[in-house]
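J.: could you look at this predicted model? Sequence included:
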Amino acid sequence: MRISTNTIYQAGINKIGALQSEQAKLQQQISTGKRITSPSDDPVAAARVLELSYQQGVNAKFADNRETAKIKLNTLESNLTSVTNLLVSTQSTLVGAGNGVYSNQERAFIATELQGSLDALIGLANTKDAYGNYLYSGFQSDTTPFTATATGATYAGDSNEQLLQVDAQRQMATNVTGNNVFQAGGNDIFTTLKSLVTLLNTPITDATTQAAFTSGLATAIGGLQGSVDNVLTVRANVGSKLNELDALDTAGSDRNLQYEKSLSDLQDLDYASALSDLAKQQTIMEAAQKSFVATTGLSLFDYI
Amino acid sequence: MGTNILSIGQSALNAAQIGISTTGHNIANASTPGYSRQVVVQVAAQAQNFGYGYVGQGTDVSSIRRVYSELLTRQVVNSQSVSSGVNAYSAQLNTIDNMLSDASAGLNPTLKSFFDSVQDLTANPSDTPTRQAMLSNAQSLANRFQSTSTRLNEIREGVNTQLSSSVGLVNSYAKQIASLNDVIEKAISADGNPPNDLMDQRDQLVLELSKEIKTTVVPQSKGSYNIFLGNGLPLVVGTDTFSMTTVNSPTDPTRLEVAYQSKTKTTILSGDSLPGGTIGGLIKFRDESLDAVQNQLGQIAVVLAGTFNAQHQQGLDQNGNPGGALFNIPDPAVNASGYNTGNAVVASKILDPRAVTASDYRLQYDGTNYYITRLSDKQMSTFTSLPQNLDGLSFDVASGTIAAGDDFVIRPTQNAATSINLAISDVSKLAVGGPVLSSAANVANTGSGSITAPAASGTYGASPLASGFSLTYNSGTNTLTGFPASQAVTVTSGGTTTTFAAGAPVTFTAGATITVAGLSFTVSGTPANGDQFTITPNTTNAPGDNRNGLLLAGLQTQGTVNNKTTYASAFGQLVNTVGNKTRELKVTAAAEAVVLEQATAAVQSESGVNLDEEATNLLRYQQAYQAAGKMMQIASQLFEVLLQLGQ
């Protein structure tokens, strides 16, 4: 076949140009560590990578939310521990209060101690979290939940639970409302304590007052036990939520690993094959350049 | 005899000189684009009969011919049109492909940050910095939509510019070809010899023309070329030319269309009638890919804004007011055709963003019926009146009178991504709270029943509760009473739904979902007789209320786009579409490049200059010249002999 001089040059340029662009592509892949440098390299994988990295991000956000939930629930848990301790020590104080040898004055001392416990309890019930929100007032997080009254305390919060999305399919309440902790099941702990204070401050003068004292004390001890039971139930509930969060964390980090692996399979470059390709390209390039120079260097005009 | 020998020598000398000139011309034009090598056609001169036989009279140069194959040249021209078309398309789409290739430049990172900040808001609903962060992220998301779409608009303008300049080139080539036609025809008719270089120039112009637009060349017997556009419209006829031009699309002022200018009128050429060349490639890119990409992006913007706004409007803001729109999104763009005779203004609104497609629509009226065509699949719906609703959109004549033959194009999504922006800047107007509160009368209640916070459905906002209501449990009948008097109640438990008539006592099932007046909630546990649960409309937003925030955050994982795809997946699909098309074009472009290369090599093999060959020719003609000179010297010596005889 007859070859024109133009064709010799054009073919050389085309071949070297094609080799250069292949090398540039390899170079880009090697420097980024990614097999896919633009969606057209592998459209299916490129879309899948977008989707997976998005889901990985969403998964990471749920982990964030779980951390937030843990902080809130741990704050609750530690507050409820203090409440339990306070109530248990109040119970042991009361066991002594029934002792018949106590004088009216000694009972008044116990009353003062109980009043102190009541105040401390109201204080605990009005605790704020790190953000300055009341723990026990439901959605009314800037309203003081409990205000002491002559007969105990009134609740100014609401009964709403604040939920957080802690996993794709799980919303978890991260608060408990004050009425559910302190005033549930017909046992209002504040009323119970206040009535005890009143009872202990009432002097025993005769058999009637003695009988009233004994029955009042029995009712109060029963009520107090009911409240302690309720607080313990709430604590158990908080504890089980914390456990669930740990389990969700494990599942979440497993999922994260799977995302990492899938992403790596989809988009990461096989360095060994890329580097070997690059070496091969270089050899071909050198050969192409040498043969181009050799071919174009031949001219009959050199001999005329 | 002597003069005869001399004239033979002279004819040989002359032929050799012409040979050297032609070879020199070939060498000089070895790299001239479109040049075909020329060869000297030599014939023996008419011999003279002297009775004893014919004595040769030397040589004649009959013509100088270019080595040219019409067939091979046509192949290059055709292949060039296809290749230029694919390359123009591919180059444009590559820009979009590269734009989307950067993981941090796409929509998804900002979309994710946006929803992250919505999640943060549910953890801390009344915290001002958190609210501000959510608004800022919403702004970033709107900005990302805008910048991506603006880039697409720039590409659109680039297409307009390139179309104009290509059309300019077509007209200029047509004029040059016509004037070459004139010169070539005259030259051939003068003495029958072809003006080789002019013909090469004309063929090169045809090749250049085919880069811009696909044409058909019909050579005429007198040597001129008639050139027709792909669909048969004449561009060059002999020495006459017709021109092409660009005009604004009658239904879209941002779009330049290629038109054919005849003596009396201007006709817009459809993309189908412009199959190849840069012009064909650009138009195909715009019709097939650019519009689709921009519409799909706009569709995500429409759906995101629409669904987010709808949910936001069901919430309660920090001031205790129902939420407003968070994003502003433009109504569908409606363009009336410039050829309309009526003065109707057609309006379209988005009714259901989840049903909005990425297609454009055409509304036509024939005097009796209205035809609405979804342009993506050419599906036509016929109506006898307006307004009508279709694909989540409303179509109506807002003002004026529509005339038969009027034509409107409705683009619900094309401008959406360019125009999306934030509707609120006041952090207190973020509606994170729920519109309704519930409470159990804990102190008085003796049972363990509890009630969840009511969730409002999409219809609640239209008819909110005027006042609250209290449910009372009756253990004797195991029922709840006290529901709003005029509202039926449905109870769903374990997949079974039971409806109770308005005012009737509702049988209590622990944990069942109770729905009334657009609200749903659950009463669980074991209530005691007379226990009460209260539901009240919320007018003072509670700072810890995050219920609407949770619902807003939940939109992230819902199938909202086309009622089935999440926002992020919809963007993934867009990237996938662009990637697939770019890949397809890369493969096609590579294949077409090989075809063009081979066709060009074939032409070059026939017509191209080979310098070694020319060197050989040079030697040959040089030797021929030297030989002719020697012969004339001998003739001269012969003459000398005669002269010496006379002395």
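T.: Nice, thanks for sending it over.
J.: show me the shaky parts of the chain.
T.: In the absence of a named chain, chain A is used. Within chain A, not a single segment meets pLDDT under 70.
J.: let's do chain B instead
T.: Applying pLDDT under 70 to chain B flags the ranges B:1-3, B:103, B:440-444, B:458, B:461.
J.: grab the nearest non-local neighbour of the closest residue to chain A within it.
T.: Among all residues of chain B, residue B:608 sits closest to chain A, at 2.4 Å; criterion: Cβ to the nearest Cβ. Where you see a C-beta, it was placed from the backbone N, CA and C, and this is true even at glycine. Spatial nearest neighbour of residue B:608, excluding adjacent residues (Cβ to Cβ, 6 or more residues apart in numbering or on different chains): residue A:4 at 2.4 Å.
J.: the one you found: what's it in contact with?
T.: Taking Cβ atoms under 8 Å, 6 or more residues apart in numbering or on different chains, we find residue A:4 in contact with B:37, B:604, B:605, B:607, B:608, B:609, B:610.
J.: again, only using 7 Å
T.: Contact analysis of residue A:4 by Cβ atoms under 7 Å, 6 or more residues apart in numbering or on different chains lists B:604, B:605, B:608, B:609, B:610.
J.: among the residues you listed, which ones are in helices?
T.: B:604, B:605 (DSSP state H).
J.: among the contacts of residue A:4, name the buried ones.
T.: Among the contacts of residue A:4, those scoring as buried are B:604, B:605, B:608, B:609, B:610 (criterion: 16 or more other Cβ atoms under 10 Å in any protein chain shown).
J.: re the thing from before, the residue of chain B closest to chain A is in contact with residue A:2, isn't it?
T.: No - between residue B:608 and residue A:2 no contact is recorded; they are 8.1 Å apart, counting by Cβ atoms under 7 Å.
J.: number of nearby residues for the nearest residue to residue B:404 once chain neighbours are set aside?
T.: Distances taken as Cβ to Cβ, 6+ apart place residue B:367 nearest to residue B:404, at 3.3 Å, with adjacent residues excluded. The local packing of residue B:367 (other Cβ atoms under 10 Å in any protein chain shown) involves 9 other residues.
J.: so is residue B:367 in a helix, a strand, or just coil?
T.: What DSSP: H, G, I helix; E, B strand; the rest coil gives for residue B:367 is coil.
J.: list phi and psi for it.
T.: With angles defined as degrees, to the nearest 10, residue B:367 sits at phi 100, psi -30.
J.: all helices of the stretch 301-450 of chain B, in order?
T.: Assigned by DSSP state H, counting those that start in this stretch, the helices in the stretch 301-450 of chain B fall at B:416-419.
J.: one more: the stretch 451-600 of chain B?
T.: Under DSSP H, counting those that start in this stretch, the stretch 451-600 of chain B gives helices at B:547-554, B:567-607.
J.: okay, the ones you listed in a markdown table with distance to residue A:284 next?
T.: Converted to a markdown table, the helices of the stretch 451-600 of chain B look like this (distance: least, Cβ to Cβ, whole Å):
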| stretch | distance to residue A:284 |
| --- | --- |
| helix B:547-554 | 55 |
| helix B:567-607 | 18 |
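J.: now for the residue of chain B closest to chain A: which residues touch it?
T.: Residue B:608 sits next to A:4, A:6, A:7, B:37 when contact means Cβ under 7 Å, 6+ apart.
J.: show me the two of those residues that sit farthest apart.
T.: Among the contacts of residue B:608, the pair separated by the greatest distance (Cβ to Cβ) is A:7 and B:37, at 12.5 Å.
J.: so for these two, which residue has more residues nearby?
T.: Shown here are residue A:7 and residue B:37; by other Cβ under 10 Å, residue B:37 has more neighbours (26 against 20).
J.: from what I can see the more buried one touches residue B:605, true?
T.: No - in this structure residue B:37 lies outside contact range of residue B:605 using Cβ under 7 Å: 11.1 Å.
J.: which SS class is residue B:255?
T.: With three-state DSSP as the basis, residue B:255 sits in strand.
J.: how near is the residue lying closest to it once chain neighbours are set aside to residue B:366?
T.: Residue nearest to residue B:255 in three dimensions, not counting chain neighbours: residue B:249, with 4.1 Å by Cβ to Cβ, 6+ apart. For residue B:249, the distance to residue B:366 equals 22 Å [Cβ to Cβ, to the nearest Å].
J.: which of these two has more residues huddled nearby?
T.: Ranked by neighbour count (other Cβ under 10 Å), residue B:249 and residue B:366 place residue B:249 first, with 16 against 11.
J.: pretty sure that one is touching residue B:269, no?
T.: No - in this structure residue B:249 lies outside contact range of residue B:269 using Cβ under 7 Å: 11.9 Å.
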